[in-house]
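Peer 1: please find the sequence and the predicted model below.
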Amino acid sequence: MNIVVGLITGMIAGATPILLAALGGMLTFYAGIFNIAMEGMMLMAAFAAVLGSFVFHSWVIGLLFAVAGAMILALIFIFFSVTLDTDEFVTGIALNLFAVGSTTYLLRQIFKVKGVFTSKLIDSIPNIRIPLVEKIPLLGPVVSGRNLIVYLAVVATIFCYYLVFKTRFGLRLRAAGYNANSLDSSGVRTSRMRIQSLLLCAVFCGLAGAFLSLGYVTLFAENMTAGRGWISLAAIILVDGHPYGIALISLLFGFFDGLGLFLQSYGVSSQFTSMVPYIATLGALYVYARRNRERERKAL
Amino acid sequence: MDDFISLEHIVKVYPPSVLAVDDVSVGFRRGEIHSIVGENGAGKSTLMKLLYGLVPYDSGVVKIDGAPMHFRKPGDAIAMGIGMVHQEIELIPQYTVWENVVLGAEPVRGPGGVLDTKRAIELVRRKIEEFQFHLDPSAQVERISVAARQKVEILKLLYRNVSVLILDEPTAVLTPQEIPQLFAELKRLREAGTTILFISHRLDEVLELSDRITVMRKGKKIATVAASETNKEALAQMMVGRQVIFTSKRTPHRRGDRVFEAKNLCVTRRDGLKLLDDVSFSVHAGEIVGIAGVEGNGQFELVNSIMGLTAPNSGSIAVNGREICGLSILERRKLISFVPQDRAKMGASLAASILDNAIMTHHRLEPRFAAWRGLVLNYRNARAFTDSLVQRFSVQTTSSQSPFRSLSGGNQQKLILGRELLLSTPFFLMDQPTRGLDVGSIEYVHGEILAMREADRAVLLISADLEELFLIADRILVMHRGQIVADLATERTSIEEVGRYMLEGKKTA
């Protein structure tokens, strides 16, 4: 029993940052931006979260710092790719590399450590216990006692669904991606929709980063996002940007992430287990490609 | 009658020195259909874009109801009730009709900007009923016909309450069957008080539809005339600046040996539908064979089978007695010159330079374009070739390094035609070679096709334009549901007879 609960809670913890980053990336995906900067935004946010929380001893400030950190990268992205019209892929790569370099540099300059920074003064984001639910056997320990950000992620998924498919903002957002000329000629500036989507993406990546460094663990490690931003991009592309599909893929990835940790406790080497989620991603890609080809063949 | 909109002494210069609109003054009345005609590049589209606020003008005044106006962006024009439907349809295919119509002016409820779907559909449905557009507001745009999409564009403007509609060559994307319906709808809009400015170069259409017609040539307004007081020849003369003859210049010519032969061609779709059904015919040297038919009756499959883009299920195709069905496309191109239907997608690469487009295929077939054992192109020869091609076919261009897309439609077609002619193959396949071209360019293309006939090349011409076939073809084959239902000598048939075969197939024989 404990193993099942442990696997499920591990899955949820692994899924949360990917889900949040993917929801942010999804908004830019619909706006027609090839945004790969989630990785960098998340990393910057994770560092800023630890910095804010350490200095002010408050996870709330940490969270605000995290969003601000991701926002800085989003603003640079906006300046280059929307205002100056540079290539989105190149801009994204540059920002991701910049995030790795700058957080490592700041880690050494501000905290005077290499590799990992942790301290008792860092205030982590609390877990939330739900009074009655936690008493329910099996379900209780899974649903209750999760990190605040986990619940936020669930709300964010539903929120994003409504935002994209049920609101005026969503209609214009998707129009920006489907046919920018059509949106412009309808009297709505495409560039504005793209800017707004990037700012929202920064908020979500900020939450994702804060969860990594103040929720999942309470520390900052160099390059601690470890490719999660890329996995979130894969999740978006795999399900063609549907928020519920993204949630599903994130959980799947979270499961393999958790499975890796679980196997580690059974003596499988950690280098191998850290490969598991990525092997799963390749597997998912294969299944997806096969299914698509089947569908195309049927359509003919 | 007072002019509702008047343009006074409008001038537009495209730097450095192209005078696109040269001191044009013209007035439009409320509730009239007013056509602007002219060859490609005559400035008719530019003039309308100036009025719409899409392109700034250099001098002159635009007055609406006597008051001077200056539109800086299309939004200003729409606010004043002037809307324009462009040649390229700009809709979102993934969206439904109503979503496309309301985009940018959506009804919402509550402070959160939640779409009021029910009200939006209702508003759009009411507009559709008001103008009898026969559209389903909830249909997805990618699943409706081009004609219906055009209606959605018009609806989008009517939803924004425009009273002046500018339509830039709306019939260019329509099939012949869809055009009368559009015209009926436009006339209904006129009865409802809408002013319609209709840009076109198809004179028959313009004469049928308009109340008044303004003719432009090389940026200048030539005249504004009432449609009832003019005719096709007079308009064409004003447009081109010289007399245009609409009668055949085909002279008797003896046909030679058989060059092209298709035997029992069949193309069957996966679900069993026969797209080409036992098609056999031949084309002789010095002969122009036309293929008539409503679009979608197998012409596309026939062209693809000949060019090697589709493998026929059975049958054979031979050029000069050589079976080509198993050959690669490059091998076929040694025997067949080809002008495809879609200039932009198949005939050329829009982003590549004029030079690149001019030497396509030639660069694979002729050793003079290769250097270093074919690893690089011989640009000196390529340039010389392009220059001579541009000169011989009088393509209006500034530099062979400019992108192909910078050419006007007529000049693009001249370049493609020239390139194919210079391949000096025995067989020439042309798929709608004059679609979208203006009167002057069409005359030119027809002249070139007839010259090929004189040079004893075999020509297969597929055209949706029956008048064109009657002008230049020696024989007309009619396709209906994948079959050739008639083989008629042009001299001994009539447009009416061909039209009957097109619609009803063999029954009438």
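Peer 2: Yep, that arrived. Residues are numbered from 1 along each chain as shown, chains lettered A, B, ... in the order given.

Peer 1: list of residues touching the strand or helix carrying B:Leu189?
Peer 2: Remark: B:Leu189 resides in helix B:179-191, with elements defined by DSSP states H and E. With contact meaning C-beta atoms under 8 Å, 6 or more residues apart in numbering or on different chains, helix B:179-191 is reached by B:31-33, B:131-133, B:147, B:150-151, B:154, B:165, B:167, B:170-171, B:174, B:196, B:198, B:205, B:208-209. To be clear about C-beta, it is placed using only N, CA and C from the backbone, and glycine gets the same treatment.

Peer 1: what's the answer for stretch B:487-498, then?
Peer 2: By C-beta under 8 Å, 6+ apart, the list of residues contacting stretch B:487-498 reads B:281, B:290, B:292, B:466-467, B:469-470, B:473-478, B:486.

Peer 1: ends of it, what's the gap?
Peer 2: 10 Å (C-alpha to C-alpha, to the nearest Å).

Peer 1: show me what contacts A:Leu251?
Peer 2: By C-beta under 8 Å, 6+ apart, the contact list for A:Leu251 reads A:Met11, A:Ile12, A:Ala15, A:Leu19.

Peer 1: give me that answer again for 10 Å
Peer 2: A:Leu251 is in contact with A:Ile8, A:Met11, A:Ile12, A:Gly14, A:Ala15, A:Thr16, A:Ile18, A:Leu19, counting by C-beta atoms under 10 Å, 6 or more residues apart in numbering or on different chains.

Peer 1: element containing the fourth one?
Peer 2: In this structure, A:Gly14 is located in helix A:2-30 according to DSSP H and E.

Peer 1: using CSV, write out the CA atom coordinates for the next helix or strand after that helix.
Peer 2: The C-terminal neighbour of helix A:2-30 among helices and strands, as given by DSSP H and E, is helix A:38-56. Only the C-alpha atoms of helix A:38-56 are listed here, as CSV (Å, rounded to 0.1, in the frame of the first residue of the first chain):
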residue,chain,number,x,y,z
MET,A,38,10.5,27.6,-20.5
GLU,A,39,13.6,25.8,-19.3
GLY,A,40,15.4,29.1,-18.8
MET,A,41,12.5,30.9,-17.2
MET,A,42,12.0,28.0,-14.8
LEU,A,43,15.6,27.9,-13.8
MET,A,44,15.8,31.7,-13.3
ALA,A,45,12.6,31.4,-11.2
ALA,A,46,14.0,28.6,-9.1
PHE,A,47,17.1,30.7,-8.3
ALA,A,48,15.1,33.9,-7.6
ALA,A,49,12.7,32.0,-5.4
VAL,A,50,15.6,30.7,-3.2
LEU,A,51,17.1,34.2,-3.1
GLY,A,52,13.8,35.9,-2.1
SER,A,53,12.9,33.3,0.4
PHE,A,54,16.4,33.3,2.0
VAL,A,55,16.7,37.1,2.2
PHE,A,56,13.2,37.8,3.5
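
Peer 1: let me see the mean pLDDT of helix A:38-56.
Peer 2: Per-residue pLDDT over helix A:38-56 has a mean of 96.

Peer 1: can you show me the strands along the stretch 201-300 of chain A?
Peer 2: Assigned by DSSP state E, counting those that start in this stretch, the stretch 201-300 of chain A shows strands spanning A:220-221.

Peer 1: about what we covered before: just the buried positions in the helix holding A:Gly14, please.
Peer 2: Neighbour-count burial for helix A:2-30, counted by 16 or more other C-beta atoms under 10 Å in any protein chain shown, picks out A:8-30.
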